[in-house]
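Novice: here are the coordinates; sequence isn't available:
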């Protein structure tokens, strides 16, 4: 049997003391509470950035009762790179959708618009997003509100929608696009 060196002995003693100090903290909250509690993070506004949020999807006709999907791109149009530390790994969470049913009206009023803010489930996983000039990140966004439209509609429905970033540190809105929900 090999006798531990003094350095190994001190290291093991330190680890045991650390473990005994941390164990009560780890077991203080119930396990489910620990897993679902993500600390509330605040992100400062980015400065000196110029981005464009645009819809790349050509398909804009979706069957009622099934969630539609649109592809968006966030492009760095500025001359400098920037880093966004708030970017969510589940990229759908980075975009909110604003939609309004069009029934032939000439002006869309603010009260007609509804906002679909993505719901976060479980721990929020972030990753830094660095965008160099003229680079872009693609985001596939599910249109959940279409899924709530019953499949038994008799005539196509037209909606105007636009996307906006769901971030504290930066903002951007896409152009308004028209989609159709078919029976």
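Specialist: Thanks, I have it. Source: prediction; values computed, not measured. Residues are numbered from 1 along each chain as shown.
Novice: any low-confidence regions in the protein?
Specialist: Across the chain, the ranges flagged by pLDDT under 70 are 1-4, 8-39.
Novice: what about the strands in it?
Specialist: Under the criterion DSSP state E, strands of the chain are mapped to 51-55, 61-63, 68-76, 82-84, 95-102, 114-116, 129-131, 136-143, 157-165, 177-182.
Novice: what's the closest of those strands to residue 6?
Specialist: Nearest to residue 6, of all the strands of the chain, is strand 82-84, at 45.6 Å by C-beta to C-beta. In this view, the C-beta of every residue, glycine as well, is placed from N, C-alpha and C.
Novice: contact partners of that closest one?
Specialist: 46, 48, 49, 76, 128, 129, 130, 131, 167, 169, 170 (C-beta atoms under 8 Å, 6 or more residues apart in numbering).
Novice: and stretch 161-174, by the same measure?
Specialist: Taking C-beta under 8 Å, 6+ apart as the rule, stretch 161-174 contacts 42-46, 49, 51-55, 70, 72, 74, 84-87, 93-100, 117-118, 141, 143, 175-177, 179.
Novice: domain ranges for this protein?
Specialist: Using automatic domain parsing, the domains assigned to the chain come out as 6-36, 51-182.
Novice: residue closest to the middle of the chain?
Specialist: residue 93 (1.7 Å; C-alpha atoms, centre = their mean).
Novice: does that one touch residue 120 like I think?
Specialist: Yes. Between residue 93 and residue 120 there is a contact at 5.9 Å, judged by C-beta atoms under 8 Å.
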